[in-house]
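S.K.: whatever this is, show me its structure:
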Amino acid sequence: MRVNIILLLVALCFGCSKPTPRRPINPKKSTTLLTETIKQAKEINSIENDKIAALIKKDTATNYIVSSNGFWYIYKTKIEEDLPKPKVGDDVVLTYNITDLNDSIIYSKEDLGIKKYKVDKEDFIPAIQTGIKLMKEGETITFVIPSYSAFGITGDGNKIGINTSIKSTVTLIKIN
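M.R.: Predicted coordinates:
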């Protein structure tokens, strides 16, 4: 009986030891896909921002406003009256177009039609989602949008390619 107890205690002591993890046979330098992707995205964003900066510098007659959200804009029609601006959840009616940086039309206002949009509650071009909240009824703004605030690395799957900066002229018709 004593032998059985001693064997049981020995088994418990050695049975509870932690296994040592196995190390890879050929350890490689640690590079991750995420690190490489971030580096590549920063390079692409820098190139796009340089293109947009060159466009703005070339257009000396226009005073572009820089948004803290990564896009530029100019008022085509500005309302000086103290009117309300859209807030999150408001329904707005607007028209817009999409051009490339050289003003070649990608989608015209007629192609896109009148858009009814619930502010920040529906999927839309990110920069325009933010830009709409700068507008008053009746105003028209042209937004210059880098790809990371537009259609990004996928494009729109049709006419807008990957990593393509765009311009969009938006007219806010009505705030409901």
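
S.K.: use CA for all of it now, contacts and neighbours both
M.R.: OK.

S.K.: roughly how far does residue 146 sit from residue 160?
M.R.: 12 Å (C-alpha to C-alpha, to the nearest Å).

S.K.: any idea which strand is longest in the chain?
M.R.: For the chain, the longest strand by residue count, based on DSSP state E, is strand 166-175.

S.K.: and that strand, what's buried?
M.R.: Buried residues in strand 166-175, counting neighbours by 16 or more other C-alpha atoms under 10 Å, are found at 166, 167, 168, 169, 170, 171, 172, 173, 175.

S.K.: including pLDDT and distance to residue 114, could the residues you listed go into JSON lines?
M.R.: Listed next are those as JSON lines, based on pLDDT from 0 to 100; distance: C-alpha to C-alpha, whole Å:
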{"residue": "166", "pLDDT": "97", "distance to residue 114": "19"}
{"residue": "167", "pLDDT": "97", "distance to residue 114": "18"}
{"residue": "168", "pLDDT": "98", "distance to residue 114": "14"}
{"residue": "169", "pLDDT": "98", "distance to residue 114": "13"}
{"residue": "170", "pLDDT": "98", "distance to residue 114": "11"}
{"residue": "171", "pLDDT": "98", "distance to residue 114": "10"}
{"residue": "172", "pLDDT": "98", "distance to residue 114": "10"}
{"residue": "173", "pLDDT": "98", "distance to residue 114": "9"}
{"residue": "175", "pLDDT": "97", "distance to residue 114": "13"}
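
S.K.: from those, pick the one nearest residue 11.
M.R.: Among the buried residues of strand 166-175, residue 166 lies closest to residue 11 (C-alpha to C-alpha), at 71.2 Å.

S.K.: ok, now which ones touch the closest one?
M.R.: Contact analysis of residue 166 by C-alpha atoms under 8 Å, 6 or more residues apart in numbering lists 98, 99, 100, 101, 144, 145, 146, 147, 150.

S.K.: find the nearest non-adjacent residue to the last one, please.
M.R.: In this structure, residue 150 finds its nearest non-sequential neighbour in residue 125, 5.3 Å apart by C-alpha to C-alpha, 6 or more residues apart in numbering.

S.K.: how about the closest residue to residue 154 other than its chain neighbours, phi and psi?
M.R.: Counting by C-alpha to C-alpha, 6+ apart, residue 154 lies nearest to residue 162, which is 5.0 Å off, once chain neighbours are set aside. Main-chain torsions, residue 162, degrees, to the nearest 10: phi -70, psi 150.

S.K.: just the element for the closest residue in space to residue 63 that isn't next to it in sequence, please.
M.R.: Nearest non-adjacent residue to residue 63, counting by C-alpha to C-alpha, 6+ apart: residue 74, 6.9 Å away. Using DSSP states H and E, residue 74 falls within strand 72-77.
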